[in-house]
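1. sequence and predicted structure, then a few things I'm wondering about:
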Amino acid sequence: MGPQDALLVSFVFILITSLSDVLRRKLNYPNLPGYVALAGMISLLILILTIRDGVYRPLINSPLPVVELKVDEFSRFFTLIISILAVPSLLYSFSYIREESRASYYTLLLLLVTGLIGSVFSNDLFTFYCFWELASISAYSLVGFRWWHWEPAEASFKYLLACTVGALTVLYSTSLLYGITGTTNLDELSRILSKVGSSQIIAMSAALMIIGLGTTAAATPFHMWLPDAHSAAPNPISALLSGVVVKVPLYMLTRLMLSVLPFTNGLSYALIVLGVASSLLGNLAALIQNDVKRFLAYSTIANVGYIFTGIGACYRLLMIGATELAIDTAAGALSHLAVHALSKGLLFLCVGNVIEEVGSRFFASLEGYGRRMPFTAAFSLVALVGLSGIPPLVGYYGKSLITAGIAYKLEDLFSLIVLALVEANFALAAGYYAYFVFRMFKGRFHISREASKTALLSEFFIAAIIVFLSLQPSLLVEEARACAKTVLPG
């Protein structure tokens with residue numbers, strides 16, 4: 001059993017889901033495509049758990065360029081995060097998507113998840129590009145799923161323009177690397193480039209990768225598409241966008257910067273500056289938002305910045321030979337990525353419960369829902385506590401390990417400034433998460449009905465994982481360390 005088998009099963013379920021619309025009409029069973037899609041998603045999760053580590057070439061005798069898939073600790077870590085968040089998002093959709101085009105929605109959702117998982121398993125830059133485009137096209141379509149409203153149509157088009165430019169930038173960078181080495185395979189690139197060493201073309205290729213992947217990850221100043229996409233998308237799609245879609249480019253960026261491309265002076269500073277700028281802009285912009293989904297979107301931009309900063313700090317530590325601390329810093333970035341994916345995905349679903357009841361995304365309309373919707377409020381608290389990073393809960397460890405990596409050799413003025421800005425951003429974010437909790441219980445909420453059972457079940461699933469990881473944080477941190485050791489050189 002290899003990743004190609006899991007992807008094949010996923011494509012089979014995609015086909016069955018699209019065809020189930022005909023049967024749905026005959027049986028008058030509206031949610032049939034959803035149940036088929038859920039069965040496919042659970043099957044995919046089970047298959048991922050059983051795949052053995054290794055390199056797989058499903059088209060070994062094909063005249064096409066080599067398609068190679070790789071399973072290791074690092075890729076498995078990301079695919080599990082994608083699958084764990086995708087299952088409850090799909091379950092949540094049962095009570096949320098009521099349009100006649102249900103089969104189209106669930107087919108696109110399965111295509112999105114398949115594209116994301118294929119991107120993570122790809123051990124070849126061109127294969128990554130193909131799977132990433134599959135995921136992106138599905139995401140554009142899902143953001144604009146309710147295209148008859150102006151807001152989702154506009155947001156989808158803006159998302160399409162920004163991220164197509166980002167993807168083409170990655171493709172152009174890939175062509176430069178192919179021109180130098182004659183391959184796009186990540187393992188072969190690492191082997192060849194380690195002998196070639198750094199050059200202006202390789203440095204340019206690395207810079208273009210940062211720009212292209214940074215655009216699709218919504219890092220500042222390439223973030224413009226994200227607030228609109230988050231606001232306009234259906235609530236479960238907002239959870240996936242924030243939780244995993246913006247994280248997959250960070251996966252490839254981490255692999256390329258830390259284990260494939262030769263180290264280049266200045267790139268660590270570029271990554272750290274982009275990270276700090278994203279954190280600062282995201283947090284400051286979040287403070288002035290009246291729309292709760294835009295507030296959460298800008299918070300996502302800030303958290304992408306923390307991960308960028310962690311990758312940059314790890315890159316810098318590797319360049320000066322502090323390998324053990326580099327592993328800890330990379331583990332911190334990966335731990336924070338996982339906690340943010342789960343917590344922000346959960347918070348988007350919880351906020352979606354309230355928006356569905358009141359028909360508004362403004363904070364003033366949502367105030368006091370903690371008094372009337374106890375389960376939604378409890379799950380929201382779990383998510384907010386996870387995001388705030390309060391010790392000794394699991395969100396604290398990722399931030400502390402990133403901070404430790406930045407603080408190494410504080411006689412460097414640059415490190416001192418970055419450390420101060422990062423700590424200030426952590427405190428600012430914790431402050432507005434606390435204010436969010438205050439507004440949950442402030443004032444009177446006029447709707448007394450709790451969310452549907454399927455929505456609450458999907459949220460309980462994610463909240464239970466966050467609580468478990470908070471009780472056993474070493475499980476996540478040690479897994480993140482294993483991932484870091486897999487991807488870091490040596």
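-> Done, it's in.
2. which residue ranges of the protein form strands?
-> 54-56, 69-71 (DSSP state E).
3. in a markdown table: those, plus distance to residue 313.
-> For the C-beta atoms, the positions are set from N, CA and C on the backbone; glycine is no exception. Listed next are the strands of the chain as a markdown table, based on distance: least, Cβ to Cβ, whole Å:
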| stretch | distance to residue 313 |
| --- | --- |
| strand 54-56 | 30 |
| strand 69-71 | 26 |
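4. looking at the ones you listed, which is buried most?
-> strand 69-71 (a mean of 22; mean count of other Cβ atoms under 10 Å).
5. what mean pLDDT does that one get?
-> For strand 69-71, mean pLDDT is 90.
6. counting by contacts, list what it packs against.
-> helix 3-27, strand 54-56, helix 102-121 (3 or more Cβ pairs under 8 Å, 6 or more residues apart in numbering; DSSP states H and E).
7. and among the ones you listed, the most buried is which?
-> helix 102-121 (a mean of 26).
8. work out the gap between it and the centre of the chain.
-> 14 Å (Cα atoms, centre = their mean, to the nearest Å).
9. using CSV, write out every CA atom in it.
-> Written as CSV, here are the backbone C-alpha positions of helix 102-121 (Å, rounded to 0.1, in the frame of the first residue of the first chain):
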residue,chain,number,x,y,z
ARG,A,102,-24.5,19.5,-3.0
ALA,A,103,-22.8,16.9,-5.2
SER,A,104,-20.6,19.7,-6.8
TYR,A,105,-19.7,21.0,-3.4
TYR,A,106,-18.6,17.6,-2.0
THR,A,107,-16.8,16.7,-5.2
LEU,A,108,-14.8,20.0,-5.0
LEU,A,109,-14.1,19.4,-1.3
LEU,A,110,-12.7,15.9,-2.1
LEU,A,111,-10.7,17.4,-5.0
LEU,A,112,-9.3,20.0,-2.6
VAL,A,113,-8.2,17.5,0.0
THR,A,114,-6.8,15.1,-2.7
GLY,A,115,-4.7,18.0,-4.2
LEU,A,116,-3.4,19.0,-0.7
ILE,A,117,-2.4,15.5,0.2
GLY,A,118,-0.8,14.9,-3.2
SER,A,119,1.1,18.1,-2.9
VAL,A,120,2.5,17.0,0.5
PHE,A,121,3.5,13.5,-0.8
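10. next, the angle from that helix to helix 3-27.
-> Helix 102-121 runs at 180 degrees relative to helix 3-27, counting by axes from the mean of the first three to the mean of the last three Cα atoms, to 10 degrees.
11. other SSEs contacting helix 102-121?
-> By 3+ Cβ pairs under 8 Å, 6+ apart, helix 102-121 packs against helix 3-27, helix 32-50, strand 69-71, helix 73-93, helix 125-143, helix 248-255.
12. which among those is found nearest to residue 399?
-> helix 248-255 (16.2 Å; Cβ to Cβ).
13. which outside residues touch the closest one?
-> With contact meaning Cβ atoms under 8 Å, 6 or more residues apart in numbering, helix 248-255 is reached by 74-75, 78, 82, 116, 119-120, 128, 132, 135, 166, 186, 209-210, 213-214, 216-217, 304, 307-308, 311, 330, 333, 337, 487.
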